[in-house]
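# only geometry, no sequence info:
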């Protein structure tokens, strides 16, 4: 519910996995989803989400779920949950098309997980990643993290509605 209007009625898991809009995506989950203002563009036969110095290759399976491919070439909002960002060297190596260079501002050990708060090119606010508690990453480090691109969400920049079908 937002401003007296129901935003989405579904199971808690579906609200989490398939948010109808940016509000629901940010409301469900802790820490909340990270949002990036990106431009979707074609490069070498692939679709990439570009923000600052970062380029994330969007998997074809995600592009196939777009309600309208006219979003390619436009600015949209990309979202990813903290648990879908990883700093493990093996994960980063396996996801070379989805790597960001980041500067870690704060690490917060939560017991069974560690929160990394970091900055990256093209994003004003800090990004939060929920990683393994045994991470070697510390505040002040410049490292690479990778995104699980199968878990990306995309929203219309103006309406904030999802631009993806289930």
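Yep, that arrived. Please read these numbers as outputs of a predicted model, since none were measured by experiment. Residues are numbered from 1 along each chain as shown.
# Please make it C-alpha for all contacts and neighbour counts, starting now.
Will do.
# For residue 29, see how far away the residue of the chain positioned farthest from its centre is.
Within the chain, the residue lying farthest from the chain centre (Cα atoms, centre = their mean) is residue 4, at 27.9 Å. From residue 4 across to residue 29, the span is 21 Å (Cα to Cα, to the nearest Å).
# go on, residue 154?
Residue 154 is 17 Å from residue 29, where distance means Cα to Cα.
# Looking only at neighbour counts, state which of the two leads.
residue 154 (25 against 13; other Cα atoms under 10 Å).
# Tell me the secondary structure at the nearest residue to that one once chain neighbours are set aside.
Nearest non-adjacent residue to residue 154, counting by Cα to Cα, 6 or more residues apart in numbering: residue 78, 4.6 Å away. What DSSP: H, G, I helix; E, B strand; the rest coil gives for residue 78 is strand.
# wait, doesn't residue 78 sit right on residue 35?
Yes: the criterion here is Cα atoms under 8 Å, and residue 78 meets it with residue 35 at 5.6 Å.
# any chance you could map the strands in the protein?
Assigned strands in the chain, in chain order: 34-43, 46-51, 54-58, 75-80, 85-86, 99-109, 114-120, 123-131, 142-147, 153-156 (criterion: DSSP state E).
# Any chance of a markdown table for those, columns distance to residue 13?
Output for the strands of the chain, formatted as a markdown table (distance: least, Cα to Cα, whole Å):
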| stretch | distance to residue 13 |
| --- | --- |
| strand 34-43 | 18 |
| strand 46-51 | 26 |
| strand 54-58 | 23 |
| strand 75-80 | 16 |
| strand 85-86 | 20 |
| strand 99-109 | 26 |
| strand 114-120 | 22 |
| strand 123-131 | 19 |
| strand 142-147 | 21 |
| strand 153-156 | 15 |
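# circling back: counting neighbours, what do you get for the residue nearest to residue 154?
22.
# same deal with the one 4 residues further on?
Using other Cα under 10 Å, residue 82 is surrounded by 22 other residues.
# Okay, it and residue 165: tell me how far apart.
22 Å.
# same question, residue 29
From residue 29 to residue 165 the distance is 21 Å (Cα to Cα).
# I'd say residue 1 and residue 7 touch.
Yes: at 5.5 Å, residue 1 counts as touching residue 7 under the criterion of Cα under 8 Å.
# Those two: who's more crowded?
The neighbour comparison of residue 1 against residue 7 (other Cα under 10 Å) goes to residue 7, with 14 against 10.
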